[in-house]
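**Q** can't give you the sequence, but here's the structure:
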């Protein structure tokens with residue numbers, strides 16, 4: 001952590017539990033890869049959507065070497081307002097960005113969105129042929145195509161031609177997400 005970040009942390013937030021999170025718009029200090037976003041969200045008072053944030057952040061940074069986050073939340077009502085995050089992720093041979101958003105709904109559920117953004121050193125056509133041949137395709141612009149698998153209609157893969165490579169955006173959205181571990185939650189569907 002830089003001296004400037006430490007001063008900002010001390011001046012604005014009193015270091016929130018020994019630096020678990022620095023504050024809105026400031027990078028969080030190093031922590032275990034699967035724990036940064038959920039630790040930061042918990043430290044600012046987000047509770048209702050925390051299980052969704054934990055689940056998505058664990059999947060998002062799985063297999064990474066390291067990552068860091070930017071976090072924005074409603075400071076007036078942290079547990080009732082939306083939470084937005086941007087995650088920079090480092091892998092041994094590449095870097096990617098991800099975004100996780102959680103918004104509390106009425107009835108104790110949350111609307112969640114997660115996006116993973118990367119650049120592939122291949123053409124979009126070759127990626128579509130290799131990975132997305134069973135997906136439905138919708139061309140939005142000459143250089144922008146969206147692919148959806150009917151088995152997972154709330155997920156999509158967008159490919160944007162950016163020669164010499166391809167910008168890949170993998171997106172997941174779920175409305176009224178409920179923690180499967182919560183009492184009274186319906187059993188998760190069995191996938192075959």
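**A** Nice, I can see it. The shown structure was predicted, so the numbers you read here are calculated from the model rather than taken from an experiment.
**Q** Show the contacting residues for the nearest residue to residue 47 once chain neighbours are set aside.
**A** Spatial nearest neighbour of residue 47, chain neighbours left out: residue 79 (5.0 Å); criterion: C-beta to C-beta, 6 or more residues apart in numbering. In short, each C-beta sits where N, CA and C put it, glycine included. Contacts for residue 79 (C-beta atoms under 8 Å, 6 or more residues apart in numbering) come out as 45-48, 104.
**Q** Can you flag which of these belong to helices?
**A** Among the contacts of residue 79, DSSP state H puts none in helices.
**Q** what residues are up against residue 53?
**A** 37-38, 41, 46, 83, 100, 102, 112.
**Q** Can you tell me the element it falls in?
**A** In this structure, residue 53 sits in helix 50-61 according to DSSP states H and E.
**Q** Report the buried residues of that helix.
**A** 50-57, 60-61 (16 or more other C-beta atoms under 10 Å).
**Q** try stretch 81-100
**A** Within stretch 81-100, the residues that count as buried by 16+ other C-beta under 10 Å are 83-87, 89, 96, 98-100.
**Q** End to end on that stretch, go ahead and measure it.
**A** 14 Å (C-alpha to C-alpha, to the nearest Å).
**Q** repeat for stretch 151-160
**A** End-to-end for stretch 151-160, by C-alpha to C-alpha: 23 Å.
**Q** contact partners of the longest strand seen in the chain?
**A** If you go by DSSP state E, the chain has its longest strand at strand 165-177. Contact with strand 165-177 is made by 52, 56, 105, 107, 109-124, 127, 154-161, as judged by C-beta under 8 Å, 6+ apart.
**Q** Quick one: mean pLDDT for it?
**A** Mean pLDDT, strand 165-177: 96.
**Q** Understood, closing this out.
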